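S.K.: fold the following for me, if possible:
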Amino acid sequence: MRQRNKLFPAVAFVAITALTVHFAVVILSLTPDNPVKNRHQDAINKYTDPLFTQNWMLFAPNPVSQHRNLSAQARIANPQSGEITETEWVDITGPLIKEKQENRISSEAIVARHIISGLRAYLSKDKGRQRDGEKMLQRAASTALAHHWSDQDIREVRLRIITQAVPSFQERYLPDDSIQRNFHESDWLPFAPAEEEWPR
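M.R.: Numbers count the residues shown, from 1 in each chain. Below you'll find the predicted structure:
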């Protein structure tokens, strides 16, 4: 009993310190640009992105103006002949968003945030962030395609990011196919699925 009483202050100290550091980093990430934030920007981004990021573009005066979707295709090897064939494009984000809307605390919500963060990094102007984003999307697409073609020998994957402008209020009744879309395709990347379970 005495040993337990001695252990409690140490555990409480560690927990309070961890929470203090966590909230300090999150608050610092939300502050306007300042010397401390600029000096530690990389460490702050690595800690907060993707789970603790906050996107304020939902609100005026700068609401979200475009939607991004991730698709992927694979190169599959024939087990008998070794011939490589390219598959059709598979929508990666659509099924995740549908599952997330039906169950807000599902594992699909975590994967969707991972993909959104990867898309944001991949399309940034910073070369280091582009490489990080490509790795995140490569892993997500490889894992999704591994479940889609579970009995196939997948060798490589290719990413396609579809950016579609959100219509203005006056154009809200126009059909989706009348709105301009931009396509960005990656090079072929090695097949690199995640080891942990992917939401089905």
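S.K.: SS state for Ser81?
M.R.: For Ser81, the assignment made with DSSP: H, G, I helix; E, B strand; the rest coil gives coil.
S.K.: now swap in Pro167 and tell me
M.R.: coil.
S.K.: wait, it touches Ile179, no?
M.R.: Yes: in this structure, Pro167 is within contact of Ile179 by CB atoms under 8 Å, at 5.7 Å. C-betas here are computed from N, CA, C, even on glycine.
S.K.: grab the nearest non-local neighbour of the residue positioned nearest the centre of the chain.
M.R.: Compute the mean C-alpha point of the chain, and by CA atoms, centre = their mean the closest residue is Ile115, 2.0 Å away. Among residues not flanking Ile115 along the chain, Ala140 sits closest, at 5.3 Å (CB to CB, 6 or more residues apart in numbering).
S.K.: one more: Ala192?
M.R.: Using CB to CB, 6+ apart, the closest residue to Ala192 is Ser142 (5.0 Å).
S.K.: try Gln180
M.R.: Ala165 (6.0 Å).
S.K.: could you check how far that neighbour is from Arg181?
M.R.: Distance, Ala165 to Arg181, by CB to CB, to the nearest Å: 8 Å.
S.K.: and this structure, what are its domain boundaries?
M.R.: 2-48, 62-190 (automatic domain parsing).
S.K.: TSV for those, including mean pLDDT?
M.R.: Shown next, in TSV, are the domains of the chain (pLDDT from 0 to 100):
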stretch	mean pLDDT
domain 2-48	83
domain 62-190	85
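S.K.: deepest of those domains, which one?
M.R.: Comparing those by mean neighbour count (mean count of other CB atoms under 10 Å), domain 62-190 comes out on top with a mean of 15.
S.K.: and that one, how far out from the chain middle?
M.R.: Centroid separation for domain 62-190 versus its chain: 9 Å, with CA atoms, centre = their mean, to the nearest Å.
S.K.: list the residues that contact Glu185.
M.R.: Taking CB atoms under 8 Å, 6 or more residues apart in numbering as the criterion, Glu185 is in contact with Arg158, Leu159, Arg160, Ile161.
S.K.: now the strands for this protein?
M.R.: Taking DSSP state E, the strands of the chain run over residues 66-77, 84-86, 90-91, 153-165, 181-185, 189-190.
S.K.: adding distance to Gly133, write the ones you listed out as TSV.
M.R.: Below are these laid out as TSV (distance: least, CB to CB, whole Å):
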stretch	distance to Gly133
strand 66-77	11
strand 84-86	23
strand 90-91	19
strand 153-165	10
strand 181-185	11
strand 189-190	12
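S.K.: still on that earlier bit, isn't the residue nearest to Gln180 up against Glu171?
M.R.: No: contact between Ala165 and Glu171 fails when scored by CB under 8 Å: they sit 9.4 Å apart.
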